[in-house]
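*Asks:* coordinates only, no sequence provided:
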Ligand SMILES: Cc1ncc(C[n+]2csc(CCOP(=O)(O)OP(=O)(O)O)c2C)c(N)n1
Ligand SMILES: Cc1ncc(C[n+]2csc(CCOP(=O)(O)OP(=O)(O)O)c2C)c(N)n1
Ligand code: SF4
Ligand code: SF4
Ligand code: SF4
Ligand code: SF4
Ligand code: SF4
Ligand code: SF4
Ligand SMILES: [Mg+2]
Ligand SMILES: [Mg+2]
């Protein structure tokens, strides 16, 4: 082992995160998502001009974990709250961080209308196919036959429909400038996710419209898996239902991401 | 003029409408939409098994105008109410009749989730690009630069986004079996609209999933036009923003409409 | 050759919107300037002077207030009532 | 040839999720079975026996709790700090 | 018990089709009363009739503070069309005044306990240059028959409050007010 | 003033990691008490600690109706891991009992105003066949040291209420209860 | 029937099933989620309707629709979710529809926390949405009462065609206690006002719209007359030691049962203290309380909020006796001992203690 | 300044503009729509924020966000829309955010109608969402008062960091009356708690979550202390002829001004009647009313609802005098004459008339 002093520090906890320990379960990729957002803000030097809107969900404490000005939305209403902030502070960077229950279920109206208005905010959409915080109920994003505490014999698509693919849907809206889906299940994908977050925030900075990065994420606790198994489950089961990709990249946004 | 007695009656007010005079403004095509729905129910002999969910909007009295069992939803919530009814009475035909403010603005969450669940209900979506009942405010469906009482200098798309195209958006959902857009601006289009309504109801009868017919409709009063001018405005201005067509016809539904 | 037909207009229902008068291919409908119904509108009326009603039902198809009943000379090919007018 | 590097793990932050230990290409991370941190977890630890840490930062990229600081032998081509690890 | 609505309070209702300017004439009266130092309220009907085609509003002019701005039994009803006549003719308070646009309303009142003025306002206005001034003809008549305010107050209110885009109609409106007043004075 | 929480009411807290079966052991005690004719309440903690890894529950056994199901100062605290020890050691009521899974908790209590039982429950259970029976070892010990209920009641509750999918563990659980009791009896 | 050890939320769910609840629509929220989770398998196994709605707004409107069919239906939520149901509740009430809504109250306002609270007393008793009406509100203090009141809730809902709210807090929702489940009820016939398709009869229509003031006022009078009946017939309460009580402790739900412990302790200490526990929050048992107020020297209201039922107590007592308050807020749970302290202080100041 | 003839809704809108309202978010609903419509051009012309939200739920949450930036913000709605704002209102209140919400009440419950009503009294004063708090509630009775109270609302909101509701009914919203608009207020500095980006300072965080009971209770105590201050400092009311009144008529807003006419008539008839018109509904002017209750023989509460403020009157009067009620519901408007009839009846039974 080489003494650290002689070496260059190539990675450390980003400044846009606080030192607080999170209350996420071990191996939960909410933590990865946080880190990526914080790194992106650091790199873009936006920490001091960013306002984070935290969701109701496991990430409810996000406003404490990020070293940013922040506030706490009502369940699902983060995009409305962010709209209120952004309209008054158009030169600030406004982020919402939302789970799939928050965004795709109770908050679908607010995200659609924010996107439809082309509201220049950025949404980090953490899709773990379940309601994490409340103990593992079915979400609109749960997979067919997925067992949850409110679909104990598996999600019955005949009664509850197919998983809701939000990115695909939002991509139909002209106001959406940048809508992509990435995954956090391995380092290579995490790297791509980071890049997408950077682009999304830049889309906001340039005022190109609404931007959202959907991140496939794990919930080892409620899936009843080890953290490593959970990553595999994302790869083996979620990717086919939620194909990764760029669902909407407006022309102006394309220049940025290129 | 030939005495009526010698002739065959080829058209009369459908049985599924009551004799009540509507309170729609002269020339408002809400009346046409009503008539088409009633005719379709008559032809399918469904009058006695149909439950209509009326919206809040100019069509708030629809439950009185239709000779059907009916109920009155809260603004935007007709699809949720219809879901409640349909789940308990799966063999009945359940219709929602909704305006664009009702469906595309306040009620977008409920329509999306009903469609996403593949709820076997049929929605008649009357898009007149304005809030008729409350006196002509902007709707998410209002056209760019359209003057309304809440966009008096014309809808500014930079602040409020582009018109929301609901059919295009719902078409992305697997649960949606039949999503089409028609218009009521001339007899030929009215005929096509009627056909679509028939198909949509049949889609429900066969349990194929969610069905919706979007109807481009007029609001002469709040557009500040004569009824005839309003029809022309639909043709000249709405059709280009809201192209008519079949946005989603599931394979099973295709057989029906063929 | 056009069929022969006629229409009966429920003048109390009518709101004088003129959509039928403008749509009638035969130009045989007009608003009755002399009549005001209880709602305060001049209702539509059939007025066959040069042309005659063919029972084509275009007026009924466009009438937002379902005021118009259409009659037509029985045609050889029998079709369902309301279906007939929607071709 | 691989660069030389090392990692410093904030063992009090660590939740022992093992994502780093499984992801490390050099297999030089493991959970410390002897140590229980205040949160009650066995934290990850660097254990270079056969292999050595290259400072590739894969562990840091996957760690959900931002516990890992990565050091690397200065490379000829200078790049921005965190950007470096995301290639 | 006193008559609590003596001369110090007059309740006007204006009623007619949407395009007949009933809202404006009610507001004009309110402006006139305000400028003349009265308490005044104006309130539109915004009830279920909204989409029925007929519009009406109530203007109350009073020396005392006004409690309710509603007038279920107006002192003066100005009706511009048939449905308005049917609605308000029975409601005018005893001893009150009904002003009827007889050009459009063929009925006349048979009530003996109030005054009725049949004024062919639409015709008079048409002769003056536009049927749209019928409302002013009727206001002129009403204020002459029931002088809750001097007619001059209505004239100055017109000067002061006619919206800029309608100022070309100023002369017409003045003339219409006077013409309405003249009809009443003639009949005295 | 009386001691309002005399012998007729005993409050137990069970605390440990998620997988250590603390919820079940608390419920088992509740079943036992119910079957023995006591009033009983069981309540999980569902507060902010939820996601912290440590779970705890409270079982109250009483001859009288139970008001609050909460126990801020339990008579008996059964702690299965270190964080639980840290949390509950100071809270046990004077004269109460702390039962510690000494196999996982290296600390011991220095309080003189209550009894402490250090039981290497995980080790004992492991020897019996599975570490997962440590909870039963500790319950056996607790009920022997503080006989709010006869141990037999716990045995019959096991028979009656062990969920079907765990019935293969019945013998192990019985043995664990007895083993816990034995440790206490040995030390008498 | 035998007693089982049942968790409040689950007990309510199973009681609803046995009372003939045909459909449940809900949205997860702690501390009521077990209710939804239990029904997610139970209802489907019975061939009944369970649907997790996309939100509480949707849930209450699904209930609204389902209630229109004349079936027994239910939803449940907790404080923030209950707030989202306000519009729907008002529509349901204004449509004369029977239905049962469970509010397992938690610490507020705002997001607050998931701890037990009684902070929604005003919201459940006073408004539950805009306009003039009150739901019937039942407040269980034990798991057994939660069961019994669930059955009662459905019966009252049908009997009065009225909205019934079961208002409890997280303690009762989360707690397990021995309790007996009810008998299975036979399905009532479909009521004649239900919308089921207008076959062989004139159409049924369910609406809360009354555009004309006279119609609307007449409808409101109809509601008020119904509420008068309800006030006359449905006031319910439990008493302990009220015969000779000089201090009357008043509390509902969890606060009431904790206060009961405190009253027992006070009696052991020789204090003449009684307990009055309202079981109906609307109608508030004012009649009996007014009687008791004549007799006691003072009242002590105990709540897990800042003093909300306090208003109803003051209204009932109407100056006949001083009314004192002890409350814990935002998820804090009162201890019997601290209530006892307050009791002692009050008794002392009343000279109840010789 | 000179008097202008102003419609209530428009007057409130313009008063808000002059009071420095930087942003308005709202959703159309009769009878408040003119407020939104007026601001749709006015705010944009001034370079301020106007946005028609997709719903009332979104509107109140936009307000929530905007209020976090420390700016003066407002929304408005009417009864069903106000119901939809309950969750958001509770969050705003629980985050100590100043903001102003206008409720132009209409006939309910349910869809009801668009006629004037005071049926949301409970909803605005008692809960406005779940949890323990009360908004400050101002109730104007004239257009002038609507203007003055709009300015006051913003000032009180900022001063107390508290939610302020302007509660009026469709009559005042729709009516035109002569009134004077206020001076333009200078913009207050951005408060130090606002979220604006954490530059050169530690991050600001706005939340209503308090997971631990002790923190949550402490926060609730903080709210209750603030409410105590508000109760001590902000009770406002108007009186007429109270010096020698033997019957006190009590009404707020439209009902209050109509009752004033009735009281005038009664005085003309020689009856010793006075008027008490609460201008603040929360804090209810109980202190002054309790004093007056000592002096009068009876109270008559007049409301455009089934008797909601009645509770507050009874609580304040607390048995000192009988309290009678006259109400019209669901959009019906009381006539001065019918109030006068009731006054006469009561005076007669009080032997006030010699
Ligand atoms: C109005 C309202 N309804 C319900 C809840 C309860 N609730 C809290 S978080 C949550 C779902 C969280 O799921 P998701 O958004 O997927 O986030 P995750 O925890 O999975 O990251 C729910 C239903 C609430 N707090 N407020
Ligand atoms: C919760 C709620 N918000 C607002 C309203 C007021 N409102 C009634 S109808 C309507 C819009 C109607 O527009 P649309 O749905 O397009 O129907 P249209 O009248 O154009 O047919 C609104 C906003 C209401 N009744 N309830
Ligand atoms: S419950 Fe699931 S989503 Fe929430 S912190 Fe734990 S693992 Fe992550
Ligand atoms: S307002 Fe518009 S939509 Fe409504 S009835 Fe009149 S024309 Fe039709
Ligand atoms: S049926 Fe045809 S021809 Fe006859 S009136 Fe109607 S449109 Fe004209
Ligand atoms: S279309 Fe119908 S309503 Fe219109 S004028 Fe013709 S008959 Fe009358
Ligand atoms: S930097 Fe690379 S080699 Fe070193 S420990 Fe981390 S993953 Fe392993
Ligand atoms: S990934 Fe992070 S939290 Fe997980 S074991 Fe490694 S260092 Fe610990
Ligand atoms: Mg999730
Ligand atoms: Mg519309």
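*Replies:* Perfect, I can see it now. Note that the structure is a prediction, hence the values are computed from the model and not measured. Ligands and ions are numbered 1, 2, ... in the order given.

*Asks:* now do the contacts for residue 178.
*Replies:* Picked chain A for this. A:199-200, A:203, A:208-212, A:248-250, A:253, A:257 (C-beta atoms under 8 Å, 6 or more residues apart in numbering or on different chains). Placement of C-beta: from N, CA and C, glycine included.

*Asks:* switch to chain G, that's the one I care about
*Replies:* Residue G:178 neighbours (C-beta under 8 Å, 6+ apart): F:34, F:39-40, G:3-6, G:143-144.

*Asks:* same list, the contacts of residue A:178, but as JSON lines with pLDDT and secondary structure please.
*Replies:* Listed next are those as JSON lines, based on pLDDT from 0 to 100; DSSP: H, G, I helix; E, B strand; the rest coil:
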{"residue": "A:199", "pLDDT": "98", "secondary structure": "helix"}
{"residue": "A:200", "pLDDT": "98", "secondary structure": "helix"}
{"residue": "A:203", "pLDDT": "98", "secondary structure": "helix"}
{"residue": "A:208", "pLDDT": "97", "secondary structure": "coil"}
{"residue": "A:209", "pLDDT": "98", "secondary structure": "coil"}
{"residue": "A:210", "pLDDT": "98", "secondary structure": "strand"}
{"residue": "A:211", "pLDDT": "98", "secondary structure": "strand"}
{"residue": "A:212", "pLDDT": "98", "secondary structure": "strand"}
{"residue": "A:248", "pLDDT": "98", "secondary structure": "strand"}
{"residue": "A:249", "pLDDT": "98", "secondary structure": "strand"}
{"residue": "A:250", "pLDDT": "96", "secondary structure": "coil"}
{"residue": "A:253", "pLDDT": "94", "secondary structure": "helix"}
{"residue": "A:257", "pLDDT": "70", "secondary structure": "helix"}
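
*Asks:* so which residues of the chain form helices?
*Replies:* Using chain A here. A:30-43, A:62-65, A:78-88, A:100, A:108-117, A:157-160, A:166-170, A:187-205, A:220-223, A:227-233, A:239-241, A:251-257 (DSSP state H).

*Asks:* you answered for a different chain; I wanted chain C.
*Replies:* Using DSSP H, helices in chain C cover C:19-23, C:58-62, C:81-86.

*Asks:* what's the least confident stretch among these?
*Replies:* Among these, helix C:81-86 carries the lowest mean pLDDT, at a mean of 60.

*Asks:* out of the contacts of residue G:178, which are buried?
*Replies:* F:34, F:39-40, G:4-6, G:143-144 (16 or more other C-beta atoms under 10 Å in any protein chain shown).

*Asks:* how near is the closest residue to residue G:203 other than its chain neighbours to residue B:111?
*Replies:* Nearest residue to residue G:203, sequence neighbours excluded (C-beta to C-beta, 6 or more residues apart in numbering or on different chains): residue B:69, at 5.1 Å. Per C-beta to C-beta, to the nearest Å, residue B:69 is found 22 Å from residue B:111.

*Asks:* now swap in residue E:123 and tell me
*Replies:* Here the distance between residue E:123 and residue B:111 works out to 53 Å (C-beta to C-beta).

*Asks:* of those two, give the one with the bigger neighbour count.
*Replies:* Counted by other C-beta atoms under 10 Å in any protein chain shown, residue E:123 and residue B:111 do not tie: residue B:111 has more neighbours, with 30 against 16.

*Asks:* contacting residues for residue E:56?
*Replies:* E:13-16, E:22, E:44-45, E:49, E:84, E:88.

*Asks:* and of the residues you listed, the nearest to chain D?
*Replies:* residue E:44 (61.6 Å; C-beta to the nearest C-beta).

*Asks:* show me what the closest one is bridged to.
*Replies:* When bridges are called by DSSP bridges, residue E:44 pairs up with residue E:57.

*Asks:* so it is in contact with residue E:69, correct?
*Replies:* No - the criterion here is C-beta atoms under 8 Å, and residue E:44 misses it with residue E:69 at 10.3 Å.

*Asks:* those two: who's more crowded?
*Replies:* More crowded of residue E:44 and residue E:69, by other C-beta under 10 Å: residue E:69, with 24 against 19.

*Asks:* helix/strand/coil for that one?
*Replies:* coil (DSSP: H, G, I helix; E, B strand; the rest coil).

*Asks:* in what helix or strand does the closest residue to it other than its chain neighbours lie?
*Replies:* The shortest distance from residue E:69 to any non-neighbouring residue, by C-beta to C-beta, 6+ apart, is to residue E:41 (3.8 Å). Under the criterion of DSSP states H and E, residue E:41 resides in strand E:39-44.

*Asks:* and the residue of chain C nearest chain A?
*Replies:* For chain C, C-beta to the nearest C-beta, closest residue to chain A: residue C:64, 30.3 Å.

*Asks:* wait, what's in contact with that residue?
*Replies:* Here residue C:64 is in contact with B:24, B:27-32, B:35, B:227, C:15, C:17, C:19 (C-beta under 8 Å, 6+ apart).

*Asks:* now with 10 Å, please.
*Replies:* Listed by C-beta atoms under 10 Å, 6 or more residues apart in numbering or on different chains, the contact set of residue C:64 reads B:22, B:24-35, B:184, B:217-218, B:227, C:15, C:17, C:19-20.
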